[in-house]
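need the 3D shape of this:
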Amino acid sequence: MSLQKIREILQSAAYMPGSLQLEIQRQALWNDLSSGAKAFVWVAMDKEKPGRATFDEMYGHVWAEDEMTMSLFAGMPRDEQAEVLGFFTFEIHELTHHFDFLTTPFGANFHGKLFREYRAMQRFAPLLLAGPVPAGRFVDYDPFAQAQAPSQDFIAAWREVHDIVATLEALGDGGVPPHARNIALGWGDELKPLVLLNHPLDRVMVRGFLYTVALPDEPGWYLRPSAILEARALVHCLKWICKLFGKDERARGPILTYLESYYASEFAAPDYRFLLDVLALGWGKDFLSFVQAADMRLVQQLLMMMDAACWYALQAPPPMPDASAVRSSPILRLFHALRFFYSAFGNRHSYSHAVEAMTAMDSADEAAAYELIDISQILNFSARFAEYLQQLNDHEILDPVLRSHFDHVLGVQHRRLTERLPKGYVSYSGMPEEGHPVLGLRSDEEVNDLAPDAYEASPRVRDWLSFRNNFMYRHIASSDAARSLRSFF
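Predicted structure coming up:
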């Protein structure tokens, strides 16, 4: 029962990108560990007194270097081993999201849309409150279906909000399963399946702009950009487990225990492990079967390739004036990276490091089809994009609390993207060698911007983001929606 409780707590944990907050029941997580798991945690952390664990206690030990720790782990039942692995990796998972949203062009695009959505709501909410507020999911609201024709001002204001929300939903925002009615077969006139690592996948277009693929045997599901974030978080946890167990054969069992306990089909969304399965299919297996049979050096190499491919994908910029939606697609960048890595591996073409491979991707023969440009141009545009939105925020957001929050988020992004400019794809926190992004921080400035306790959003900010998530994507009563809108606008 303890593992089931731990799994439920970890599944309810969430990084909230809008507020930059990690929401998890830390005390409940500790309380619900089995007695055997608690005993192991004390030994593994070399903890001397009660109280919340320090960073060094949690992450400063390699279990493979201590015979007693390894013996104690080996003697635990498998469920208790799974509890322990979840306990020591949950923060790595969520911090990976935190860093990805604040240090990448994809993150700049996402936060830019959250800012523009709120800015548009300032205009639209008073018009909406002039009549009955629609019940249900706002993203599905159709003003043209109402009995009385809306004004042109109403339609223009609605469309500005709706187009942003629909785009965010397609990216995976909201945490709700996809809606099949928003998915169309094919990429325009191109209906032939996409062949990825020798496996055909149906091309689909979501909301008329997102090029992606349908998930095999999962009707209504497609590969969402949010799955890229989840794949990186999973990879970083697995890399950390590899470190704990000496980066050798001793890590195989714990990795399998972790995957089977937290990423089996009944515990995870269909697209969350899909990417690892796709890459493993290059060797004719799903990822779990691959880990069971492959040499552990090859397992670690696959994890490195997936981490790098997803990092490459997250460099997709906000919409640029000289490009189509293709350039801003993290999914298309991901496909390009996966094909490139698989081809290089098959041709025994080695690169000294992942950054060298990513730089080569930008000039590959296929680059023009993906509208790829040099990473320095993308980082420069994304940094200036965040800076421009900061200026709009200063002049146009009326609520001082929300204005201060947006200024913080956009300011962090502007500084981090600007700092990355001379380094290109290089990022010790973006591609941490052993999985923990915090261990990749190299300056006080990075710590001040990115440390998980560096900023706490105000209750009003969190209330707005909670309400907008429910209002945009979930069914909410008209009276409740109207009451909340009046409190914010």
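
C-alpha only now, for contacts and for neighbours.
Noted.

which stretches in the stretch 351-489 of the chain count as helices?
Using DSSP state H, counting those that start in this stretch, the helices of the stretch 351-489 of the chain run over 354-362, 375-396, 400-420, 444-450, 459-473, 478-488.

angle of the longest one against helix 400-420?
Just to be clear, that refers to helix 375-396. Following axes from the mean of the first three to the mean of the last three CA atoms, to 10 degrees, one obtains 160 degrees for the angle between helix 375-396 and helix 400-420.

what is the orientation angle of helix 375-396 with helix 354-362?
90 degrees.

pull the distance from helix 375-396 to the chain's centre.
Centre-to-centre, helix 375-396 and its host chain are 21 Å apart (CA atoms, centre = their mean, to the nearest Å).

strands of the stretch 101-250 of the chain, start to end?
183-185, 194-196, 199-201, 203-206, 210-213 (DSSP state E, counting those that start in this stretch).

quick check: can you name the pairing partners of the second one and their directions?
Same thing as strand 194-196. Strand 194-196 has these partner strands in its sheet, going by DSSP bridges: strand 199-201 (antiparallel).

and if you look at the last one?
Applying DSSP bridges to the sheet, strand 210-213 is found paired with strand 203-206 (antiparallel).

and the contacts of the partner strand?
Contacts to strand 203-206, defined as CA atoms under 8 Å, 6 or more residues apart in numbering, come from residues 170, 182-188, 191-194, 211-214, 222.

can you do 7 Å?
Strand 203-206 is contacted from outside by 170, 182-187, 191, 193-194, 211-214, using CA atoms under 7 Å, 6 or more residues apart in numbering.

for stretch 286-295, same thing?
The contact list for stretch 286-295 (CA under 7 Å, 6+ apart) reads 276-277, 280, 299.

any chance of a markdown table for the residues you listed, columns distance to D480?
Formatted as a markdown table, those follow (distance: CA to CA, whole Å):
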| residue | distance to D480 |
| --- | --- |
| L276 | 42 |
| D277 | 43 |
| A280 | 47 |
| V299 | 51 |
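
between those residues, which is nearest H98?
Here the nearest of those to H98, counting by CA to CA, is L276; it sits at 21.3 Å.

helix or strand: which one has that closest one?
helix 274-280 (DSSP states H and E).

same deal with K285?
Applying DSSP H and E, one finds K285 in no helix or strand.

tell me, how many residues neighbour it?
15 (other CA atoms under 10 Å).

check what pLDDT it gets.
Looking at K285, its pLDDT is 81.

where do the helices of the stretch 101-250 of the chain begin and end?
Under DSSP H, counting those that start in this stretch, the stretch 101-250 of the chain gives helices at 105-128, 152-171, 225-244.

in CSV, list these along with distance to L95, mean neighbour count and mean pLDDT.
Below are the helices of the stretch 101-250 of the chain laid out as CSV (distance: least, CA to CA, whole Å; neighbours: other CA atoms under 10 Å; pLDDT from 0 to 100):
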stretch, distance to L95, mean neighbour count, mean pLDDT
helix 105-128, 14, 21, 98
helix 152-171, 20, 18, 95
helix 225-244, 8, 24, 96
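
now those helices in TSV, with distance to F335?
Conversion of the helices of the stretch 101-250 of the chain to TSV gives the following (distance: least, CA to CA, whole Å):
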stretch	distance to F335
helix 105-128	16
helix 152-171	16
helix 225-244	11
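
R460: which of the ones you listed is closest?
Set against R460 and scored by CA to CA, those come closest in helix 105-128, at 13.5 Å.

least confident of the contacts of strand 203-206?
Comparing these by pLDDT, N182 comes last, at 87.

that one and E169, how far apart?
10 Å (CA to CA, to the nearest Å).

same question, R416
For R416 relative to E169 (CA to CA), the value is 26 Å.

go on, D32?
Plainly put, D32 is 34 Å away from E169 if you go by CA to CA.
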